[in-house]
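# I'll drop the sequence and a predicted model, then ask my questions.
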Amino acid sequence: MGVARVRDRPVYKQVADALRAAIRGGQLADGALLAPETELMARYGVSRNSVRNAVALLRAEGLVVTEHGRGTFVRARRPLRRLSSSRYSKAKREAAKQGMQVDQQLLGVEVVDPPQEVVDRLGLEPGEQVVLRRHLLSVGGEPVQLAGSHIPLDIARGTPIERFEKLQGGVHALLEHDLGHKLERFVEELTFRMPTPEEARQLGMGAGVPVVRLLRTLRHVLVYEMPAGDPVP
């Protein structure tokens, strides 16, 4: 099965098209080993450079990974579906239902001057600082999400939020159940962009692969009880 020699489509891109279609169609499953270069050369009737350029293109798209001395494999990207009706149900519980292991690694906790978009969304005063907690979420041993939470320092001060330790149930559970800040509403903004070099490194991404950026702003109200006093005459 060769590829057509058409002027408006380079040969290596046609090879990449065929391999991409096999991956997306399931003929090449997650974790499958791609055929050796010589076999792909014979299958498509192309040169070694064309095969290498095709594989490099798929690698840049994040569809395959190359391991030195072992070969090139289809990248395993099993989706984690949110099956619960609860908006903030635990990812670990959802993953367990689907036979996947989820791990959340705490990368850092620090007091910082927030970027302007955080100042605007949280309604902070000039110079007001926040506690930034950063996490890396992995599913099935593969990094899939970088997350950062900005909490106003006047709320986080003196609580486990400002310490480098994992929080049982996360920041929002602590805010609600321990500190009395009940979730009132949230707003989500979804954008797409290219990752920074550091993000690409932490997520193990190939060049040219975009990321989804989800900015979630949560509004909490402080709920407290006061003892009833004498009735006002």
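Sure, I can see it. Numbering: from 1, shown residues only.
# hey, let's count contacts and neighbours off CA atoms from now on
Noted.
# now the helices: where do they sit in the chain?
For the chain, helices defined by DSSP state H occupy the ranges 11-24, 37-44, 48-60, 91-97, 116-122, 153-156, 170-173, 197-203.
# what's the closest of those helices to residue 107?
helix 197-203 (10.7 Å; Cα to Cα).
# Give the buried residues for the closest one.
Within helix 197-203, the residues that qualify as buried are 200, 203, counting by 16 or more other Cα atoms under 10 Å.
# Quick one: neighbours of residue 126, just the number.
By other Cα atoms under 10 Å, the residues close to residue 126 number 9.
# domain parsing for this protein?
11-74, 91-222 (automatic domain parsing).
# Mind telling me which of these the model trusts least?
When the domains of the chain are compared by mean pLDDT, domain 91-222 comes last with a mean of 85.
# what is the residue nearest the centre of the chain paired to in the beta sheet?
The centroid of the chain falls nearest to residue 145 when counting by Cα atoms, centre = their mean (2.0 Å). Applying DSSP bridges to residue 145 yields these beta-bridge partners: residue 137.
# about what we covered before: can you add distance to residue 71 and give the helices of the chain back as JSON lines?
Below are the helices of the chain laid out as JSON lines (distance: least, Cα to Cα, whole Å):
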{"stretch": "helix 11-24", "distance to residue 71": "15"}
{"stretch": "helix 37-44", "distance to residue 71": "10"}
{"stretch": "helix 48-60", "distance to residue 71": "11"}
{"stretch": "helix 91-97", "distance to residue 71": "29"}
{"stretch": "helix 116-122", "distance to residue 71": "44"}
{"stretch": "helix 153-156", "distance to residue 71": "48"}
{"stretch": "helix 170-173", "distance to residue 71": "40"}
{"stretch": "helix 197-203", "distance to residue 71": "21"}
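# Of those, give the one that comes closest to residue 74.
Among the helices of the chain, helix 11-24 comes nearest to residue 74, with 7.3 Å by Cα to Cα.
# Give me the residues contacting that closest one.
Contacts with helix 11-24, where a contact means Cα atoms under 8 Å, 6 or more residues apart in numbering, come from 3-5, 28-30, 44, 46, 50-51, 53-55, 57-58, 63, 74.
# Just the buried residues out of those, in ChimeraX syntax.
The buried subset of these, as determined by 16+ other Cα under 10 Å, is captured in ChimeraX by this line:
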select :3,28,30,44,46,50,51,53,54,55,57,58,63,74
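# quick one, what contacts the residue nearest to residue 136 when sequence neighbours are not counted?
The shortest distance from residue 136 to any non-neighbouring residue, by Cα to Cα, 6 or more residues apart in numbering, is to residue 146 (4.7 Å). Neighbouring residues of residue 146 by Cα under 8 Å, 6+ apart: 134-137, 199, 203.
# circling back: tell me the most buried of the domains of the chain?
Among the domains of the chain, judged by mean count of other Cα atoms under 10 Å, the one packed with the most neighbours on average is domain 11-74 (a mean of 17).
# First-to-last residue distance for that one?
Its first and final residues considered, domain 11-74 spans 21 Å by Cα to Cα, to the nearest Å.
# ditto for stretch 119-128
8 Å.
# hmm, who's touching it?
With Cα under 8 Å, 6+ apart, stretch 119-128 has contacts from 113, 152-153, 217.
# Redo these as JSON lines? Include distance to residue 210.
Converted to JSON lines, these look like this (distance: Cα to Cα, whole Å):
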{"residue": "113", "distance to residue 210": "27"}
{"residue": "152", "distance to residue 210": "30"}
{"residue": "153", "distance to residue 210": "32"}
{"residue": "217", "distance to residue 210": "23"}
